[in-house]
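Engineer: Here's my sequence, what's the structure:
(2 chains)
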Amino acid sequence: EAGVAQSPRYKIIEKRQSVAFWCNPISGHATLYWYQQILGQGPKLLIQFQNNGVVDDSQLPKDRFSAERLKGVDSTLKIQPAKLEDSAVYLCASSLGQAVPNNEQFFGPGTRLTVL
Amino acid sequence: QKEVEQNSGPLSVPEGAIASLNCTYSDRGSQSFFWYRQYSGKSPELIMFIYSNGDKEDGRFTAQLNKASQYVSLLIRDSQPSDSATYLCAVNPASGGSYIPTFGRGTSLIVHP
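Structural biologist: Model (predicted):
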């Protein structure tokens, strides 16, 4: 079974530039998550999708971050414009469904973003 | 604000010892609890989950849950150097029928030979 795919793996940009990340979840997984993990901290949930609908985006900085999952499969996360404090690893995860309490998440390899 | 608290460590134990990792959470409505392991530069991977009070054992790992005290722990028996990693506690508070995961900052475990 293929895992969660993410691209690119690494990205270096200058502040005020824009960047986009792509994620393809495990086939059949209805729930998709985007996390931001700053060095030394735990993953912070940015947005959670159930199929192509948003379940939670309360911690997404909507003035600069956007995400979509148009066909309920793969997803993109965009930052525009980037700030220095956006430097982090962006993790995508998927699970079978979100309406069950023991929904194990499977993580992709992450995208390491450096903003100069 | 739903919070999950973990001591960042590092927790250093000798090889063969029991490592005890602790986590507290603020949302009493939380129903399921997860322990993930994250090696340096890698993504988190699930070790085990628990949702009933008491102990749950899987090999060298035991998760313990006490909902009254809002406390969950992970015990690693016969610790090995390969167990050296950051251990993330994740909690699923329920919100309108959905489960929104919240992670702690993780505890760094070092197992020395």
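Engineer: how about the residues of chain A that lie near chain B?
Structural biologist: Contact residues, chain A versus chain B (Cβ under 8 Å from any Cβ of the partner chain): A:33, A:35, A:40-45, A:48, A:50, A:55-56, A:91, A:98-110. C-beta here means a position set from N, CA and C on the backbone, and glycine is covered the same way.
Engineer: and chain B, which of its residues are near chain A?
Structural biologist: So chain B meets chain A at B:4, B:6, B:8, B:31-32, B:34, B:42-46, B:49, B:51, B:88, B:90, B:92, B:94-95, B:97-106 (Cβ under 8 Å from any Cβ).
Engineer: hmm, 7 Å instead?
Structural biologist: B:31-32, B:43-44, B:46, B:49, B:51, B:88, B:92, B:97-101, B:103-106 (Cβ under 7 Å from any Cβ of the partner chain).
Engineer: Low-confidence ranges, chain B, go.
Structural biologist: B:1, B:94-98 (pLDDT under 70).
Engineer: Please enumerate the strands of it.
Structural biologist: B:4-5, B:11-14, B:19-25, B:32-38, B:45-50, B:54-58, B:61-66, B:71-76, B:85-92, B:94-95, B:98-99, B:102-103, B:107-112 (DSSP state E).
Engineer: Please identify the buried residues of the longest one?
Structural biologist: Neighbour counts over strand B:85-92 (16 or more other Cβ atoms under 10 Å in any protein chain shown) mark B:Ala85, B:Thr86, B:Tyr87, B:Leu88, B:Cys89, B:Ala90, B:Val91, B:Asn92 as buried.
Engineer: Redo the residues you listed as TSV? Include distance to A:Arg64.
Structural biologist: Output for the buried residues of strand B:85-92, formatted as TSV (distance: Cβ to Cβ, whole Å):
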residue	distance to A:Arg64
B:Ala85	32
B:Thr86	28
B:Tyr87	32
B:Leu88	26
B:Cys89	29
B:Ala90	26
B:Val91	28
B:Asn92	28
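Engineer: quick one: A:Gly28 and B:Tyr71, what's the gap?
Structural biologist: Distance, A:Gly28 to B:Tyr71, using Cβ to Cβ, to the nearest Å: 35 Å.
Engineer: now B:Leu46
Structural biologist: Taking Cβ to Cβ, one finds B:Leu46 at 20 Å from B:Tyr71.
Engineer: A:Gly108 now?
Structural biologist: In terms of Cβ to Cβ, A:Gly108 sits 31 Å off from B:Tyr71.
Engineer: If you count surrounding residues, which of these two has more?
Structural biologist: More crowded of A:Gly108 and B:Tyr71, by other Cβ atoms under 10 Å in any protein chain shown: A:Gly108, with 23 against 14.
Engineer: so who does the more buried one touch?
Structural biologist: A:Gly3, A:Val4, A:Ala5, A:Gln6, A:Cys23, A:Leu91, A:Cys92, A:Ala93, B:Ser43 (Cβ atoms under 7 Å, 6 or more residues apart in numbering or on different chains).
Engineer: out of those, which are inside strands?
Structural biologist: Those of the contacts of A:Gly108 lying in strands (DSSP E): A:Ala5, A:Gln6, A:Cys23, A:Leu91, A:Cys92, A:Ala93.
Engineer: Serialize those residues to TSV and add fields for neighbour count and pLDDT.
Structural biologist: Shown next, in TSV, are these (neighbours: other Cβ atoms under 10 Å in any protein chain shown; pLDDT from 0 to 100):
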residue	neighbour count	pLDDT
A:Ala5	14	97
A:Gln6	23	98
A:Cys23	25	97
A:Leu91	27	98
A:Cys92	27	98
A:Ala93	27	96
